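Peer 1: Sequence first, then the predicted structure:
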Amino acid sequence: NPIIPIGTAGALNVTVESFGRSCHSGMNFLGINALEETVPILVELMKLKKIVEARESKNIPGLPRFGTGEKRNMTPMFNLDIIHSGTKTNIVPDLCTLTINRRVIPDENLEDVKEEISEAIERGKAKSKLLNVKTTFVYDYPPMVADPNALDITKMKKVMMEVQKVPENKIMVVGIAGSSDMGFVSEILKTKDIIFHGVGNPGSNDHAVNENIKLKEVKTYIKELIVFLCADL
């Protein structure tokens, strides 16, 4: 599809370890069930998710919400992605581990993002019987902002118009909540002239069942690379 991403999200992974006390499940009053006592933390995090995903970038348009017709600017994303607890059915679990994936838009401050997550976890912990909670932050990718009028991006638009036979107003210029190593490239080179372009599109089922790339899109992409490198546009 003729899409030029001009913003990508940073990726923050948060691991939350909730500590209880194990015991025989037939005498659960002797222990502290780490899984059950993590529920108040989950509740607070789900409240925060609604707050986070209501935010929008000031000036980076977002992908259309397919199937709803809703149009919003680029938004952050908040996902509870992995939870693990317990070893046997007859043992009250003494540890519950939760992993959160937080997509940070360029408008946001990383330290503020960490702080609001930590505060939500503390609110949940205060409503539980947990002995302790340990939170670890790993920042995988920084966000990226590109200038839609930069030299190489402008050239890529002309290439798309030539190869895909579309007018400029049909080229979608958006921010996406996916993360990319282009964030590092932008930071290191201190440039906003970053072409983020490939063969995926909103119908590719990214990271889902039947993720796919169509052969005709690969051929189109190859043509675009050749025209970009060789044509005088």
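Peer 2: Noted; the coordinates are in hand.

Peer 1: max-length helix in the protein?
Peer 2: helix 34-53 (DSSP state H).

Peer 1: Tell me which residues of the next helix or strand after that one come out buried.
Peer 2: Following helix 34-53 in sequence order, the next helix or strand is strand 77-85 (DSSP states H and E). Applying a neighbour-count criterion of 16 or more other C-beta atoms under 10 Å, one finds Met77, Phe78, Ser85 buried in strand 77-85. Where you see a C-beta, it was placed from the backbone N, CA and C, and this is true even at glycine.

Peer 1: Ok, stretch 194-212 next?
Peer 2: In stretch 194-212, counting by 16+ other C-beta under 10 Å, buried: Ile194, Ile195, Phe196, His197, Val199, Gly200, Ser204.

Peer 1: Looking at those residues, spot the one nearest Pro5.
Peer 2: Phe196 (4.4 Å; C-beta to C-beta).

Peer 1: residues contacting the closest one?
Peer 2: Ile4, Pro5, Thr8, Met144, Ala146, Ser180, Met182 (C-beta atoms under 8 Å, 6 or more residues apart in numbering).

Peer 1: do you know how far it is from Val218?
Peer 2: In this view, Phe196 and Val218 are 17 Å apart by C-beta to C-beta, to the nearest Å.

Peer 1: what residues are up against the residue nearest the centre of the chain?
Peer 2: The centroid of the chain falls nearest to Arg103 when counting by C-alpha atoms, centre = their mean (3.5 Å). Contacts of Arg103 were listed using C-beta under 8 Å, 6+ apart, and they are Ala9, Gly10, Ala11, Leu12, Pro76, Met77, Phe78, Ala177, Gly178, Ser179.

Peer 1: Then Lys157?
Peer 2: With C-beta under 8 Å, 6+ apart, Lys157 has these contacts: Ile4, Glu168, Ile171.

Peer 1: wait, is it part of a helix?
Peer 2: Yes. Assigned with DSSP: H, G, I helix; E, B strand; the rest coil, Lys157 falls within a helix.

Peer 1: if we can go back for a sec, would you mind giving the buried residues of strand 77-85 as CSV with distance to Lys47 added?
Peer 2: Putting the buried residues of strand 77-85 into CSV (distance: C-beta to C-beta, whole Å) gives the following:
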residue, distance to Lys47
Met77, 16
Phe78, 11
Ser85, 22
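
Peer 1: ok, which pair from the contacts of Phe196 is furthest apart?
Peer 2: Among the contacts of Phe196, Ile4 and Ser180 lie farthest apart (C-beta to C-beta), at 13.8 Å.

Peer 1: Neighbour count: these two, which is higher?
Peer 2: For Ile4 versus Ser180, neighbours defined as other C-beta atoms under 10 Å are more numerous around Ser180 (21 against 18).

Peer 1: who does the host helix or strand of Val174 touch, helix- and strand-wise?
Peer 2: Val174 is part of strand 172-176, with elements assigned from DSSP H and E. For strand 172-176, the packing partners by 3 or more C-beta pairs under 8 Å, 6 or more residues apart in numbering; DSSP states H and E come out as strand 3-8.
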